[in-house]
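S.K.: Test case, fold it:
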Amino acid sequence: MPWLGGAVTRPLVLASASPARLQLLRRSGVEPVVRPSSVDERQVERRARETDPDLTPEALVGALARAKGEAVASSLDGREAADLVLACDSVLEVGAEVVGKPGSADLATTRWQSMRGGSGVLHTGHWLLDAETGRSVSEATSSRLRFADVSDDEIDAYVATGEPLHVAGGFTIDGFGAPFVEVVEGDPGTVIGLCLPALRRLLLALDVPWWSVADPSSPTPG
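M.R.: Okay, the predicted model is just below:
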């Protein structure tokens with residue numbers, strides 16, 4: 001039943017520890033239950049590439065999102081058996097290379113040195129499960145980016161903030177990295193890690209109206 005001035009009727013579990021994804025949902029009126037996944041992303045990617053040596057970036061983020069979502073869904077208790085589970089994952093495609101989170105300052109610096117002044121495509125996979133029916137749907141979205149021709153000093157200072165170490169591609173457009181991304185072609189949410197129009201489409205595919213998960217009367221974070 002859609003929102004008619006009352007409470008949300010379909011709770012959403014977010015299988016992610018990403019503050020950016022949580023913020024996007026909250027700003028759209030969705031207050032999810034945060035349940036991060038402990039999936040080994042490298043292992044999932046390795047298995048996916050063994051199955052399909054020609055794995056595309058879109059297929060990769062889809063496999064990663066599904067693995068995270070299924071792991072969290074398997075841990076739902078009785079009270080959450082009717083919840084929706086959303087999982088996402090992102091990678092950056094730069095030339096012939098597909099990269100995730102740098103994980104270290106040295107790698108983040110090297111990546112920025114190679115991609116400055118250039119372009120790339122950020123791919124985000126979305127996987128949504130209706131735990132009540134067992135049905136799941138998925139969608140990958142992509143946005144093209146052009147990076148500023150930043151100096152070595154700018155790169156060093158940005159890496160020193162720690163932000164690029166733990167985000168796909170080593171940058172953000174909603175944090176310290178915003179000045180260094182000059183053009184975004186496509187949905188900005190895809191770059192941040194969650195495309196809200198894609199989430200709406202996935203909900204509709206599961207016969208769940210948007211206002212079943214979102215409450216327009218909920219406070220919007222600043």
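S.K.: CA atoms for contacts and neighbours, from now on please.
M.R.: Fine.
S.K.: For burial, what's the neighbour tally of Asp149?
M.R.: Asp149: 16 surrounding residues under other C-alpha atoms under 10 Å.
S.K.: Is it in contact with Ser119, as I believe?
M.R.: No: with contact defined as C-alpha atoms under 8 Å, Asp149 does not reach Ser119; the gap is 10.5 Å.
S.K.: Strands of the protein, residue ranges please.
M.R.: 12-14, 33-34, 84-94, 97-99, 119-130, 135-147, 181-185 (DSSP state E).
S.K.: Could I get those in JSON lines, plus columns for mean neighbour count and distance to Ser75?
M.R.: Shown next, in JSON lines, are those (neighbours: other C-alpha atoms under 10 Å; distance: least, C-alpha to C-alpha, whole Å):
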{"stretch": "strand 12-14", "mean neighbour count": "24", "distance to Ser75": "11"}
{"stretch": "strand 33-34", "mean neighbour count": "17", "distance to Ser75": "13"}
{"stretch": "strand 84-94", "mean neighbour count": "26", "distance to Ser75": "11"}
{"stretch": "strand 97-99", "mean neighbour count": "14", "distance to Ser75": "29"}
{"stretch": "strand 119-130", "mean neighbour count": "25", "distance to Ser75": "13"}
{"stretch": "strand 135-147", "mean neighbour count": "20", "distance to Ser75": "16"}
{"stretch": "strand 181-185", "mean neighbour count": "15", "distance to Ser75": "37"}
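S.K.: Rebuild those strands as CSV, extending it with mean pLDDT and distance to Asp54.
M.R.: What follows is those, written out as CSV (pLDDT from 0 to 100; distance: least, C-alpha to C-alpha, whole Å):
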stretch, mean pLDDT, distance to Asp54
strand 12-14, 96, 30
strand 33-34, 94, 33
strand 84-94, 96, 14
strand 97-99, 91, 12
strand 119-130, 98, 16
strand 135-147, 98, 17
strand 181-185, 97, 26
